[in-house]
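>>> A predicted structure for the sequence below; I have some questions about it.
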Amino acid sequence: MELAYIPSPSRGVIHLGPIPLRGYAFCIIIGVFVAVWLGNKRWIARGGRAGTVADISVWAVPFGLIGGRLYHVITDYELYFSEGRDWVDAFKIWEGGLGIWGAIALGAVGAWIGCRRRGIPLPAYADAIAPGIALAQAIGRWGNWFNQELYGKETDLPWALHITSSVDGREPGYYHPTFLYESLWCIGVALLVIWADRRFKLGHGRAFALYVAAYCAGRFWIEYMRVDDAHHILGLRLNNWTALVVFLLAVAYLVISARKRPGREAVVEPGADDPAGSEAAAGSEADGGAAAGAKAETAPDGDDGEAGAKTDEDAEAGAKDGEGVKDGEDEAGDRAKDAAESGSAGKKS
């Protein structure tokens, strides 16, 4: 008797006239916005400027989408390039198929380009956005629910996922909702990174490495439950091996980085704590021009305001000295005149 189960949506797309609105795409977009929002708050708390995370994401997100799609197409090439398949489908990203490993790898390249243009250290930026990426993954996994994909083995648990589609070899039935397991796991990873970062002041990329290690630990056992087609190596799915290797690399980075560069970066964005820099970043060019004009008026020879003020003080002191000299000369002249008159009077007497 079926007591409870998670129903699958009857369809994953709604047409608004000629425009298709796909649940998978909405989940990806919402995830990106959440990642940027949380990353921005963490970046400002670390001493960076508001808006920097969004600016760099303009580079990171497109690179990440391309990387995620490339990883999926390469590791599941038979879905697009085998006999009877249409290679054009490889470009239909809205139908699902993004590999997180490729998304993170190529997304990091895009982030590096954005950081380099601003003179920002990539590890500091990665630490700020790490929990947001985990939350983006948690939201993005619901796109698999809309597409009725990436489920686990059959089960009669009350939270079983009811698959109704028979497209691409699917068999209707009740399966482990691995998309839900991974979504919940990613939320836990985000909370873990936020807590550990506050508790241990993680820096130099260690918060990001913790996110990677924690995600890989969960992905390993979740991947093991999946029943969709995948390449196997020594009895394990390809993504199991990828999760294992990446987990070890992340843990090694955590240990080595903590020994070589303890603590966290004192400055994450050059000029972010400079009021003048902040005003310029906010668009205060007019104020800057007025200030430059005031300096030029005060110090026409190119000196700054302080030098100009000093010149004014010297001029005032010189004027006072000139008045003193003049007074002295007048006093000396009066004395000479008196002496001359006294001598003249003596001769007459």
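Received, thanks.
>>> thought residue 218 was touching residue 178?
No: using CB atoms under 8 Å, residue 218 makes no contact with residue 178, being 10.8 Å away. Where C-beta positions appear, they are placed from N, C-alpha and C, glycine not excepted.
>>> Could you check which of these two has the larger neighbour count?
For residue 218 and residue 178, the more surrounded residue by other CB atoms under 10 Å is residue 178, and the numbers stand at 24 against 17.
>>> Report the spatially closest residue to the more buried one, excluding sequence-adjacent ones.
Residue nearest to residue 178 in three dimensions, not counting chain neighbours: residue 152, with 4.3 Å by CB to CB, 6 or more residues apart in numbering.
>>> what pairs with the one you found across the strands?
Going by DSSP bridges, residue 152 is paired in beta bridges with residue 226.
>>> Look at it and report its pLDDT.
For residue 152, the pLDDT comes out at 94.
>>> cool, and the one 5 residues further on?
For residue 157, the pLDDT comes out at 92.
>>> Enumerate every residue touching it.
Applying CB atoms under 8 Å, 6 or more residues apart in numbering, we find residue 157 in contact with residue 176.
>>> ok, now how distant is it from residue 171?
To residue 171, residue 157 is 18 Å away according to CB to CB, to the nearest Å.
>>> what about the helices in the stretch 101-250 of the chain?
Using DSSP state H, counting those that start in this stretch, the helices found in the stretch 101-250 of the chain span residues 122-140, 142-146, 178-200, 206-225, 238-260.
>>> right, and those helices - which one's nearest residue 34?
Within the helices of the stretch 101-250 of the chain, the stretch nearest residue 34 is helix 122-140; the backing value is 5.2 Å (CB to CB).
>>> how much space between the residue nearest the centre of the chain and residue 41?
The centre of the chain sits closest to residue 53, judged by CA atoms, centre = their mean, with a distance of 3.8 Å. Residue 53 sits 9 Å away from residue 41, going by CB to CB.
>>> just residue 94 next, same as before
Taken as CB to CB, the span from residue 94 to residue 41 is 30 Å.
>>> repeat for residue 16
33 Å.
>>> quick one: low-confidence ranges for this structure?
For the chain, residues meeting the criterion pLDDT under 70 lie at 1-3, 274-349.
>>> circling back to that earlier point, when residue 16 and residue 41 are compared, which one has more neighbours?
Per other CB under 10 Å, whichever of residue 16 and residue 41 has more neighbours is residue 41, with 14 against 7.
>>> Tell me who's in contact with that one.
For residue 41, no residue counts as a contact, taking CB under 8 Å, 6+ apart as the criterion.
>>> and if you look at residue 37?
Contact analysis of residue 37 by CB under 8 Å, 6+ apart lists residue 132.
>>> Does it belong to a helix, a strand or coil?
helix (DSSP: H, G, I helix; E, B strand; the rest coil).
>>> gap between it and residue 51?
The gap separating residue 37 from residue 51 is 12 Å, by CB to CB.
>>> again with residue 194
Computed as CB to CB, the residue 194 to residue 51 distance reads 22 Å.
>>> List the buried residues for stretch 171-179?
Using 16 or more other CB atoms under 10 Å as the test for burial, stretch 171-179 gives 174-179.
>>> ok, now stretch 101-120?
Buried, per 16+ other CB under 10 Å, within stretch 101-120: 101-112, 114-115, 120.
>>> What lies in contact with it?
Residues outside stretch 101-120 that contact it (CB under 8 Å, 6+ apart) are 48, 52, 55-72, 121-122, 125-126, 133, 212, 239, 242, 246, 268-270.
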